[in-house]
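Trainee: pasting a predicted model and its sequence here:
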Amino acid sequence: MPRGELQTRRTDAVRAWTAFVEHGDDLASLVRPEILTSWTRSEAAISTDVREAPLADESETAAYWRGSPLETAVERVEAELRRTAEDGDLVVAVTDPETRILWTYGGRVMRRKAETVNFVVGGRWDDESVGTNALDLANRTATPAMVFSAEHYAPIVHNWVCWAAPLHDPVTGTQLGVIDISTTWDRTHPIGLATARVLARLIETAMPLSHGHPVAGVLDEATDPGLVLRVLGTAETWFDGQRLLLNRRQTEVLTLLAMHPEGLSLEHLHALVYGDQAVTLSTLKAEVSHLRAALGGQLASRPYRLTMPVQTDVDLVLSLLRGGRVGAAVEAYGGDLLPGTNSPALAELAEYVAVAVREALLADPQPDAVVRYSELAPYDTEVVEACLHRLSGTPHPAVPLLKGRLAAAQR
């Protein structure tokens with residue numbers, strides 16, 4: 001954003017904050033309602049001269065984190081999270097439902113700033129401990145939140161801007177905490193909130209399914225034996241708990257074999273992968289040989305077929321849809337199947353899955369599921385309109401989100 005606009009915005013925020021803490025002025029027209037509510041809650045709990053966030057018990061924090069679904073997910077995508085922090089000189093943090101930081105990583109400059117205010121593992125960042133901030137707002141409202149400069153209640157972070165998004169169990173929808181990204185106010189960018197949402201989605205996609213749930217463990221890559229494929233919206237392959245590094249074509253071949261447990265001849269597999277492209281059979285044989293080595297030999301020939309247990313997110317989504325569990329299906333649906341694939345068979349399967357999810361939502365537009373789906377298909381206004389029509393006249397927290405999505409798509 002232009003420096004002049006940011007400076008004006010910061011000045012306005014400081015004036016509103018000063019009017020509140022010094023005079024208790026009515027600020028209904030000056031700050032967002034959620035900020036004013038949090039300021040009021042903060043004022044009753046802490047002083048503005050707070051110097052750092054309080055720290056939770058170190059051993060308790062470590063015990064909570066160890067072996068949790070969040071730890072598993074963060075470990076799987078840690079390289080991406082660290083790269084985001086380093087490239088943007090941000091500090092990234094993951095919390096529990098009480099806004100206690102469980103994991104954090106920062107770029108060189110922001111890491112030092114974070115340490116001075118206990119924006120570290122164990123730091124308690126609920127607003128009653130350290131004042132208004134995006135982590136607390138996202139946790140309380142269960143929606144992405146931004147807090148800019150003096151919108152923070154505590155002056156120790158008036159030089160910050162923070163964006164946070166809630167993290168949910170991929171099947172039950174239970175809120176597990178938030179992910180936050182923070183930097184200095186002068187580096188505010190409109191893409192900040194979208195980045196927090198993307199990182200939240202990245203973590204949720206990497207999370208093992210909750211234990212005790214009817215479909216728990218179906219795609220638990222870390223513990224399940226055999227082959228686990230995630231190809232909806234992302235591409236990840238796990239074999240006996242270890243992630244395999246495959247190229248795009250190898251992932252496509254493996255997906256087709258997973259979809260055809262009865263096996264495929266070389267010629268049939270070639271047609272499904274390449275269609276009418278001028279690619280030799282020997283090229284496909286080379287890809288299969290690489291896969292056979294990566295899978296410890298558990299890929300038979302004549303016909304080609306996998307000889308181990310196989311689980312895919314495609315099967316999970318379709319199974320949930322067959323059972324009428326639309327909300328759970330949308331939670332498990334990460335997006336289009338291998339976007340950009342030029343395999344005719346996979347392109348057909350991708351369309352089938354996408355249409356099945358969409359039609360299920362049109363028939364049963366569950367608000368939370370539609371909100372989730374709209375993040376993956378932001379321009380599918382028909383599904384949003386169907387949900388708003390069903391909610392017509394009925395108060396629901398999803399309504400403003402859906403109306404905002406509709407307005408954005410129609411610009």
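Mentor: The structure has been received and is ready for your questions. Numbering: from 1, shown residues only.
Trainee: now do the closest residue to Pro367 other than its chain neighbours: how many residues are near it, please.
Mentor: Computed as Cβ to Cβ, 6 or more residues apart in numbering, the closest residue to Pro367 that is not its neighbour in sequence is Ala398, at 3.7 Å. (Each C-beta comes from the backbone N, C-alpha and C, glycine too.) Using other Cβ atoms under 10 Å, Ala398 has 21 other residues around it.
Trainee: now Ala398: how far from Asp57?
Mentor: Using Cβ to Cβ, to the nearest Å, Ala398 is found at 37 Å from Asp57.
Trainee: dump the residue contacts of the residue nearest to Pro367.
Mentor: Neighbour list for Ala398: 367-368, 370-371, 387, 391 [criterion: Cβ atoms under 8 Å, 6 or more residues apart in numbering].
Trainee: let's see it at 10 Å
Mentor: Residues in contact with Ala398 (Cβ atoms under 10 Å, 6 or more residues apart in numbering) are 143, 366-372, 374, 384, 387-388, 391, 405.
Trainee: equivalent analysis for Glu262, please.
Mentor: Counting by Cβ under 10 Å, 6+ apart, Glu262 touches 303, 305.
Trainee: check for me that it belongs to a strand.
Mentor: No: counting by DSSP: H, G, I helix; E, B strand; the rest coil, Glu262 is located in no strand; its state is coil.
Trainee: how close does it sit to Pro303?
Mentor: According to Cβ to Cβ, Glu262 and Pro303 sit 8 Å apart.
Trainee: go on, Val273?
Mentor: 14 Å.
Trainee: and the two? Which one has more around it.
Mentor: Val273 (24 against 14).
Trainee: for the spatially closest residue to that one that is not a sequence neighbour, what are phi and psi?
Mentor: Leaving aside its chain neighbours, Val273 sits nearest to Ser343 (5.2 Å; criterion: Cβ to Cβ, 6+ apart). For Ser343, the backbone dihedrals (degrees, to the nearest 10) come out as phi -80, psi 120.
Trainee: then Val161?
Mentor: Dihedral pair for Val161: phi -130, psi 140, per degrees, to the nearest 10.
Trainee: who does it form a beta bridge with?
Mentor: Phe148, Thr183 (DSSP bridges).
Trainee: how's this structure carved up into domains?
Mentor: Domain assignment of the chain by automatic domain parsing yields the ranges 3-206, 227-311, 313-409.
Trainee: got those domains as JSON lines, with mean pLDDT columns?
Mentor: Listed next are the domains of the chain as JSON lines, based on pLDDT from 0 to 100:
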{"stretch": "domain 3-206", "mean pLDDT": "90"}
{"stretch": "domain 227-311", "mean pLDDT": "90"}
{"stretch": "domain 313-409", "mean pLDDT": "90"}
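Trainee: which residue ranges form the helices in the stretch 201-350 of the chain?
Mentor: Remark: helices assigned in the stretch 201-350 of the chain by DSSP state H, counting those that start in this stretch are 248-259, 266-274, 281-294, 313-322, 326-332, 344-363.
Trainee: go through the ones you listed and name the closest to Arg197.
Mentor: helix 326-332 (15.5 Å; Cβ to Cβ).
Trainee: Val198: how many residues sit nearby?
Mentor: Using other Cβ under 10 Å, Val198 is surrounded by 15 other residues.
Trainee: as a check, name the ranges of all strands in the stretch 101-250 of the chain.
Mentor: Here the stretch 101-250 of the chain has its strands, by DSSP state E, counting those that start in this stretch, at 101-106, 145-148, 160-168, 175-184, 227-230, 236-239, 242-244.
Trainee: which stretch among these comes nearest Glu78?
Mentor: Smallest distance to Glu78 across the strands of the stretch 101-250 of the chain (Cβ to Cβ): 7.9 Å, for strand 101-106.
Trainee: measure the residue nearest to Pro367 to Leu388 for me?
Mentor: With Cβ to Cβ as the criterion, Ala398 and Leu388 are 9 Å apart.
Trainee: so which residue is smack in the middle of this structure?
Mentor: Centroid-nearest residue in the chain: Arg201, 1.2 Å away (criterion: Cα atoms, centre = their mean).
Trainee: contact partners for that one?
Mentor: Counted by Cβ under 10 Å, 6+ apart, Arg201 has contacts 165, 167-168, 179, 233-234, 334-335, 372, 375-376.
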